[in-house]
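> Take this sequence and fold it.
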Amino acid sequence: MMFACSDILFADMIARTPISTPLNEWLIQALDFSGMSQSALAERLDAVVPKKVDRSTVNKMALGKRAISAEELLRIAEITGFDVPGEIPSTPTIAIAGTVGAGAQVPVFDAYPKGGGPQVECPPGLSPHGVVAVEIAGDSMEPVFSAGDLLFYTRHTHDGVPNDVIGHRCVVEDEDGMGWVKQVKPGDEPGLFHLISLNPGANTMWNKGLKWAARVRLHWPAELARKI
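Residues are numbered from 1 along each chain as shown. All right, here's what the predicted structure looks like:
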C-alpha cells in the first residue's frame, strides 16, 4: 500500500551531517541516531514507499550498493528522526502538459507544448525521457481516477493512433481539440474510433475521429505527486 508523502519541507530541516556526506553514510548515522536495526527500518519503510523494501535492501543502501530515492530519503528521516543532508540529490522531473476529462469536455490540454509549464517529480520506476503528464479534471472518472490525479504517457512526435493502443486506456485528442481519457476501440469505419468511458455511468463516444492517442503508462494519485 502506498501512503501520501508528508508536507515536510527539506529547506526547513537542519542537517546534522555535512553536505558532502554520501547517502549510505548518512543512512548509517540515521540508524545509529535512532537505535533502529536495519530489519526494523526495512519493515517501517516498506509500509510507506511504493517499492518493496526488506532487510537486504537496507543493507545494500548502507553499503552504497543501492541508490536511495528522494522519497525513501524523506521517509527514513521521518522514521528515524534524523534530518536529511543539507543538499538533496536532484530528482528527475516530468512536464505537466495540462488537463484531461472523461465525461465532461476539457479544452485542448497542450497548454505547455514546449515543456514550459509546471513540473512533477518523476515517480519511482518510471523513466522521464519522452514522458509527459496530464492532470485529471473533475470527477467524471471516479472511481478509477480522481480529480488532481496525474496520468503519464509517451506521445510520439507524429499524430495518429498506433495499433498498440487499441483496447487500452489512452490519453487522446479528438478532431475538435478536446482532451479525453478513454479506452480506445475500433470504430465502424476506418479512421474512426469508439471511446469507452471509464465511468460506467458515462456515455460512450461513438465513431470519433482522433488527432492522436497515447497509452497511459502510469496513474499517480494526487496525494503522491510532488509538483515543482
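> now the end-to-end length of stretch 170-183.
Using CA to CA, to the nearest Å, one end of stretch 170-183 lies 6 Å from the other.
> chain center to it: distance?
Between the centre of stretch 170-183 and the centre of its chain there are 20 Å (CA atoms, centre = their mean, to the nearest Å).
> what comes up buried for that stretch?
Neighbour counts over stretch 170-183 (16 or more other CB atoms under 10 Å) mark 170-174, 178-183 as buried. Glycine gets a C-beta too; all of them are placed from N, C-alpha and C.
> ok, now stretch 155-167?
Buried residues in stretch 155-167 (16+ other CB under 10 Å): 155, 161, 165.
> Ok, stretch 30-48 next?
For stretch 30-48, by 16+ other CB under 10 Å, it's 30-31, 36, 38, 40-45, 48.
> can you pull the contacts of the nearest residue to Asp188 once chain neighbours are set aside?
Of all residues beyond its chain neighbours, the one nearest Asp188 is Asn207 (5.6 Å), with distances taken as CB to CB, 6 or more residues apart in numbering. Each residue near Asn207 by CB atoms under 8 Å, 6 or more residues apart in numbering is listed here: 187-189, 192-194.
> Could you do Gly160 as well?
Contacts of Gly160 by CB under 8 Å, 6+ apart are Trp212.
> what's the spacing between Asp83 and Val134?
Remark: distance between Asp83 and Val134 (CB to CB, to the nearest Å) = 35 Å.
> Looking at these two, which one has more neighbours?
Legend: neighbour count by other CB atoms under 10 Å for Asp83 and Val134, higher for Val134 (26 against 18).
> Just give me the neighbour total for Val84.
Neighbour number of Val84 under other CB under 10 Å is 23.
> Over to it: give its phi and psi.
Recorded main-chain torsions at Val84 are phi -70, psi 160, according to degrees, to the nearest 10.
> Distance of it relative to Asn24?
According to CB to CB, Val84 stands 14 Å off from Asn24.
> Return the backbone torsion pair for Leu151.
Phi and psi for Leu151, reported as degrees, to the nearest 10, are phi -120, psi 130.
> just to revisit the earlier point, looking at the contacts of Asn207, which one is closest to Ala70?
The nearest member of the contacts of Asn207 to Ala70, counting by CB to CB, is Phe193 at 38.9 Å.
> Distance check, that closest one against Met178.
Computed as CB to CB, the Phe193 to Met178 distance reads 14 Å.
> now swap in Thr93 and tell me
27 Å.
> And for Lys227?
24 Å.
> before we move on, what about Pro128?
Taking CB to CB as the measure, Pro128 falls 27 Å from Met178.
> And what about the closest residue to Val134 other than its chain neighbours, helix, strand or coil?
Leaving aside its sequence neighbours, Val134 sits nearest to Val100 (CB to CB, 6+ apart; 4.7 Å). Three-state assignment for Val100 (DSSP: H, G, I helix; E, B strand; the rest coil): strand.
> Give the full set of residues in contact with Val100.
106, 109, 134-137, 151, 171, 179-181.
> Is Glu173 in a helix, a strand, or coil?
Per three-state DSSP, Glu173 ends up strand.
> domain parsing for this structure?
10-80, 93-224 (automatic domain parsing).
> So which elements touch the longest strand anywhere in the chain?
Looking across the chain with DSSP state E, the single longest strand is strand 210-220. Secondary structure elements in contact with strand 210-220, counted by 3 or more CB pairs under 8 Å, 6 or more residues apart in numbering; DSSP states H and E, are strand 150-154, strand 169-174, strand 179-186.
> between that strand and strand 169-174, what angle do the directions make?
Angle between the axes of strand 210-220 and strand 169-174 is 150 degrees (criterion: axes from the mean of the first three to the mean of the last three CA atoms, to 10 degrees).
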